[in-house]
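1. Following is a predicted model, sequence given first.
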Amino acid sequence: QGASGAAAADDKKAIKIALVGRPNAGKSSLVNCLLGEERVLSGPMPGLTRDAITVEWRWRRRAIQLVDTAGIRKVSQRDRSNALEGMATLQSLHALGHAEVVVLVI
């Protein structure tokens, strides 16, 4: 492949964008707003997102993978007896480590 072939292959590769933040920061609502539809579950109660959810999206003919993550609480505020919260946090951190772009939702 020449330089133009490498550039064309690069255009087809999806950019992975992870949305991270505290619980109930609006990560899922932001995903729904960007997509223009209710694709992921969102609401006023914190903890609705338990898994890192990847959604395929196209913006200006560019493939993008949006990763909606579970909220991450400070270590001192985590419920260590809640295995589900621990697993959700690990998934969120994994998504964070594998993303090319990370958006911190405050």
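-> Yep, it's here.
2. wait, Arg58 sits on Ile64?
-> Yes: counting by Cβ atoms under 8 Å, Ile64 is a contact partner of Arg58 at 6.9 Å. The way it works is simple: take the backbone N, C-alpha and C, and place the C-beta from them, glycine included.
3. Tell me which of the two has more neighbours.
-> Each of Arg58 and Ile64 has its neighbours counted (other Cβ atoms under 10 Å); Ile64 has more, 17 against 9.
4. Could you list the buried residues of the helix or strand harbouring that one?
-> Under the criterion of DSSP states H and E, Ile64 resides in strand 62-68. Buried residues in strand 62-68, counted by 16 or more other Cβ atoms under 10 Å: Ile64, Gln65, Leu66, Val67, Asp68.
5. Could you do stretch 65-78 as well?
-> In terms of neighbour count (16+ other Cβ under 10 Å), stretch 65-78 has its buried residues at Gln65, Leu66, Val67, Asp68, Thr69, Ala70, Gly71, Ile72.
6. now do stretch 27-41
-> In stretch 27-41, the ones that count as buried by 16+ other Cβ under 10 Å are Lys27, Ser28, Ser29, Leu30, Val31, Asn32, Leu34, Arg39, Val40.
7. for stretch 87-96, same thing?
-> Going by 16+ other Cβ under 10 Å, stretch 87-96 has these buried residues: Ala88, Thr89, Gln91, Ser92, Ala95, Leu96.
8. Out of these, which sit inside strands?
-> Judged by DSSP state E, strands contain none of the buried residues of stretch 87-96.
9. could the residues you listed go into CSV alongside distance to Ile15?
-> Listed next are those as CSV, based on distance: Cβ to Cβ, whole Å:
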residue, distance to Ile15
Ala88, 24
Thr89, 24
Gln91, 20
Ser92, 19
Ala95, 14
Leu96, 15
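10. any idea how far the closest residue to Val40 other than its chain neighbours lies from Asp51?
-> Take Val40 and drop its neighbours on the chain: the residue closest to it by Cβ to Cβ, 6 or more residues apart in numbering is Ser28, 4.7 Å away. Look at Ser28 and Asp51: by Cβ to Cβ, to the nearest Å, they are 12 Å apart.
11. before we move on, back to that, biggest separation within the buried residues of stretch 27-41, which pair?
-> For the buried residues of stretch 27-41, the maximum inter-member distance is 12.6 Å, found between Lys27 and Arg39 (Cβ to Cβ).
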